[in-house]
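Q: following is a predicted model, sequence given first.
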Amino acid sequence: MPAPAVRVDRLEKTFVVPEREAGLRAAVRSLVRRTHREVRAVDAISFDVAPGEVVGFLGPNGAGKTTTLKMLSGLLHPTGGEALVLGHVPSRRERDFLRRITLVMGNRNQLQWDLPALDSYELNRAIYRLPRPDFLRLRDELIELLDVGDLVRKPVRNLSLGERMKVEVVGSLLHRPQVLFLDEPTIGLDVTMQKRIRSFVAAYNRRYEATVLLTSHYMADVEALCRRVVVIHHGRILFDGPLARLGDQFEPFKTLTVELDDLGVDLGRYGDVLERDGTRVKLRVPKAETAQVTARLLAEHELADLTVEDPPIEDVIELVFAQERPA
Amino acid sequence: MTTEAGRLRSYADYYATRARTQIQANFQYRVATYMWLVGMLAEPIVYLVVWTTIAEQQGGAVQGITRGQFAAYYIVWTLVRNMNIVFTPYGWEWRIREGQLSAALLRPLHPLHEDIAGFAGWKVVTIVLWLPIAAALWVAFDPELDPTLLEVAVFGVAIWGAYLIRTMFLSALGMVTFWTTRVSALFELVVALELLLSGRLVPLPLMPDWAERIADVLPFKWTFYFPIDALVGDLSRRELLGGLGMQLFWIVVLTALFYVVWRFAVRRYSAVGN
Amino acid sequence: MAVGTALVVLALVYSHTDELNGWVQSELLVVMGIQILLGGVIRTTIQPNMQRLMEEVRDGKLDFALTKPEDSQLLVSVRDVRIWRAVDVFSGGAVLAYGVAGLERGVGVGDALLFAALLALGAVTIYCFWLVIATLAFWIVNVWEILELFEGIYQTGRWPVSIYPAWLRFGVTFLVPIAFAITVPAEAVTSRLEWPTAALAVGFTVALFGFARWWWGFGLRHYSGASA
């Protein structure tokens, strides 16, 4: 069995935040004695990622996803536990380690503003000490994969936001990192661009067998790319497993879409009514009772149509996150 | 995996690439740069006129410095002034705030190299654009300038030595921004001190004795007065080479200081995040 | 801080000489005080208004000015006041007072009134200069880069313009009218003002004002599309 690309063992990150209360008395008090509050952003999480795997980290803002990625890329020092990425301790920020990873976080301007992206790519070549023929080959492959051939010759300042994002992504992959940390890669982009980025990441993973850790609060990102999903909330892992089973674990419900023949029928006794649109009703029914309810509906009503579906993952996640933090 | 020679070669490769990139980028703004260079001329021209006036009033020289030498001093001043413009603590503040520091920490190259190489490229553009200005000033103010080959060579090295001293000094100072957002007070104080003790206002021999003594133990003299004096003044061979030695001394000391503080700074940054 | 540096330079200069082109130290303090004070006035009122004007021209937001072109000049000139920049007015005033206190020959009432009048005219001259340049914004996009030069050139006003070589003296008198704004009032206070100079200053200011007003109208008509 090959060694995991990423090994995380009871990783912890606690921030010390100065306590700031409102009011004059509190302000005066804080002059004399600073009170602090500990915020546990990441609470002893453990997981392994095999080489070549694509894992999605799902969670609301403040869940600890970005903090985890920052610890795995060496930007933040953990306050407890251990992490190993490709055999390196990230916080040591060894050169060999930095050359094999990349962290892509939202709108970062790494490229020279006044020059074409191609010139900035030259800089990356020099920084990462890439042999020229390999560099050229990978560069051209990436340009082709993202279809930015005519964009890389224009000064970066002349590109739109989406175009800039694409050429920046090429820049962050020129050193052929083996581990990609992608933090909210599609945030703020339009639907076409989102799809583009997703298919690109999938292609990169396939072609170069890179390990991808991706955080998002868009279910679509995770559904498109990841077979394995880790749900994080309040710094803890709530779920770690195949995407398909996410629904099973958290919400054993099914959605029934019923098309009735006439209006005015109340289906409330069969399950929770989610939606009502004329003659079309959406019902939420516990999974165990699905067969029963379906049979009764068919027997007791005139139906034009009936479909049974898994609830959209968004709803599942919403319910998960709505859980209050255990005391 | 890589040999020492290979590592040095890749650093050289990076410096050349980065400097070239900066030259390309800055060259696009040559008109704006010219305006800016011309705007900066007012300060030295005023000093030049004032001191040459005094020199003429007093029969040709002030404390041994002739009218022509004053003119030469302040003309060379315009180049040295530009060589002294480097990445400031405000830049570090911006870098941290905008997330650029995180990006830099993810790369296997210390951000200082990016600063030094990038600004060096800008300096090359500045030097080239400055030459016509120097010629115009020469015609206008008739300086007394007749340097030996050694003096020119030492000057050529000294301006880059000055650049490095000031870079390391301000980078070390910039580390303060990791702990506080209010670096401006400290920075302004340092700049004021520098103004007085570097030779930027007047040639150092014209300062009162006690000021000259203080200036001797600080690095500022070697960023400003020494390069100008090397070219304009009459330094002996030993003084010229000794001056370069002092520049090297300060570069080493300030670089060491920077690295020590840098480690603490990064540790703090990695503890509290951004 | 800049004031501190200027005073240090002044002290250095006078540690090596007693007079600069006929001006003694306290007289130089008068010049410096006027320069700083006037600089404060520029930064409080003239500069913010003109900068805002240039921005509005660039962004095409000047339509309100088209209705009453004569009054529009007044409007765009006095809208903004940056009171906190008035610090320089006080420090300049302090330097000026200190210089006046040290003058050998005291300042008579006549001289004082003349000084005040010439200083006011000087402020008007600078204002007109800024307005002329700002009006160029109707044709040239990056006019404020030119105005950044002003900051540097204004430094020459810290010393009496008689020390400058002829070409520079001409430049800072007629091209960037600093001499009239600073040196002339200073000459009034230090009792060396001659009538031809004063007359020239007044005449120049009046002429420049007229030209600036016409130029503003010209630019505004061009902006509105009417043929000039």
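A: Yep, that arrived. Residues are numbered from 1 along each chain as shown, chains lettered A, B, ... in the order given.
Q: quick check: the gap between the residue in chain C positioned nearest to chain B and B:V38.
A: In chain C, the residue that lies nearest chain B is C:G152 (3.8 Å; CB to the nearest CB). All C-beta atoms are positioned from the backbone trio N, CA, C, and that covers glycine. Computed as CB to CB, to the nearest Å, the C:G152 to B:V38 distance reads 8 Å.
Q: so which of those two has more stuff around it?
A: C:G152 (18 against 15; other CB atoms under 10 Å in any protein chain shown).
Q: contacting residues for A:R99?
A: When contacts are counted by CB atoms under 8 Å, 6 or more residues apart in numbering or on different chains, A:R99 touches A:128-129, A:175, A:177, B:108.
Q: most widely separated two among these?
A: Greatest spacing in the contacts of A:R99, by CB to CB: A:R129 and A:P177 (14.1 Å).
Q: follow-up on the earlier one: if we check chain C, which of the contacts of A:R99 are in contact?
A: Taking CB under 8 Å from any CB of the partner chain as the test, chain C is in contact with none of the contacts of A:R99.
Q: ok, of the residues you listed, which one's closest to chain C?
A: Closest to chain C, out of all of those and judged by CB to the nearest CB, is A:Y128, at 38.2 Å.
Q: what's the neighbour count on the closest residue to the closest one other than its chain neighbours?
A: Leaving aside its sequence neighbours, A:Y128 sits nearest to A:H175 (CB to CB, 6 or more residues apart in numbering or on different chains; 4.0 Å). As a burial measure, A:H175 scores 23 neighbours (other CB under 10 Å).
Q: please apply the same query to the one 10 residues further on.
A: When counting by other CB under 10 Å, one arrives at 25 neighbours for A:P185.
Q: so what's the backbone phi/psi at it?
A: Dihedral pair for A:P185: phi -70, psi -20, per degrees, to the nearest 10.
Q: how about A:M105, what does it touch?
A: Counting by CB under 8 Å, 6+ apart, A:M105 has contacts A:66, A:183-184, B:99, B:102.
Q: these, buried ones only, as a ChimeraX selection?
A: Selection of buried members from the contacts of A:M105 for ChimeraX, criterion 16 or more other CB atoms under 10 Å in any protein chain shown:
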select /A:66,183,184 /B:102
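Q: now, which of the contacts of A:M105 sits nearest C:W130?
A: The closest of those, once distances to C:W130 are taken by CB to CB, is B:G99, at 39.0 Å.
Q: show the model's pLDDT score for the closest one.
A: The model reports B:G99 with a pLDDT of 84.
Q: give me the longest helix you can find in chain C.
A: When chain C is scanned for its longest helix (criterion: DSSP state H), the result is helix C:195-224.
Q: burial of A:S160, as a residue count?
A: 10.
Q: do C:F170 as well
A: C:F170, neighbours per other CB under 10 Å, totals 13.
Q: sticking with it, tell me its helix or strand.
A: C:F170 is part of helix C:166-170, with elements assigned from DSSP states H and E.
Q: that helix: which residues count as buried?
A: Under the neighbour-count criterion of 16+ other CB under 10 Å, helix C:166-170 has C:168-169 buried.
Q: now do stretch A:138-147
A: A:138-139, A:141-143, A:145-146.
Q: please apply the same query to stretch A:167-182.
A: By neighbour count on 16+ other CB under 10 Å, the buried set for stretch A:167-182 is A:167-182.
Q: swap in stretch C:185-201?
A: C:185-191, C:193, C:197-198, C:201.
Q: what two of these are the furthest from one another?
A: It's C:S191 and C:A201 that sit farthest apart of the buried residues of stretch C:185-201, by CB to CB, at 16.1 Å.
Q: can you list the weak-confidence ranges in the chain?
A: You didn't say which chain, so I picked chain A. A:1, A:20-21, A:26-27, A:29-32, A:107-108, A:247-252, A:264, A:311-317, A:319-327 (pLDDT under 70).
Q: try chain B instead
A: Those would be B:1-2, B:274, if you go by pLDDT under 70 across chain B.
Q: assumed B:L8 was part of a strand.
A: No: the assignment for B:L8 by DSSP: H, G, I helix; E, B strand; the rest coil gives helix, which leaves it out of any strand.
Q: now the strand or helix carrying B:A256: buried residues?
A: Per DSSP H and E: B:A256 is located in helix B:237-272. Neighbour counts over helix B:237-272 (16+ other CB under 10 Å) mark B:240, B:243-244, B:246-247, B:250-251, B:254-255, B:257-258, B:261-262, B:265-266, B:269-270 as buried.
Q: one more: stretch C:212-220?
A: In stretch C:212-220, counting by 16+ other CB under 10 Å, buried: C:212, C:215-217, C:219-220.
Q: which of these are close to chain B?
A: Counting by CB under 8 Å from any CB, no member of the buried residues of stretch C:212-220 reaches chain B.
Q: same list (those residues) but as a markdown table, adding pLDDT and distance to C:L20.
A: Formatted as a markdown table, these follow (pLDDT from 0 to 100; distance: CB to CB, whole Å):
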| residue | pLDDT | distance to C:L20 |
| --- | --- | --- |
| C:A212 | 92 | 33 |
| C:W215 | 91 | 37 |
| C:W216 | 88 | 39 |
| C:G217 | 84 | 43 |
| C:G219 | 85 | 41 |
| C:L220 | 82 | 45 |
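Q: for the one helix or strand the residue of chain C closest to chain B maps to, name the packing helices and strands.
A: C:G152 is part of helix C:143-154 when elements are defined by DSSP H and E. Contacts defined by 3 or more CB pairs under 8 Å, 6 or more residues apart in numbering or on different chains; DSSP states H and E place helix C:143-154 against helix B:30-39, helix B:42-57, helix C:47-59, helix C:109-135.
Q: quick check: angle from that helix to helix B:42-57?
A: On the basis of axes from the mean of the first three to the mean of the last three CA atoms, to 10 degrees, helix C:143-154 is oriented at 20 degrees to helix B:42-57.
Q: show me what the residue lying closest to A:T79 once chain neighbours are set aside is bridged to.
A: Closest residue in space to A:T79, ignoring its immediate chain neighbours: A:T14 at 4.6 Å, by CB to CB, 6+ apart. A:T14 forms beta bridges with A:R40, as assigned by DSSP bridges.
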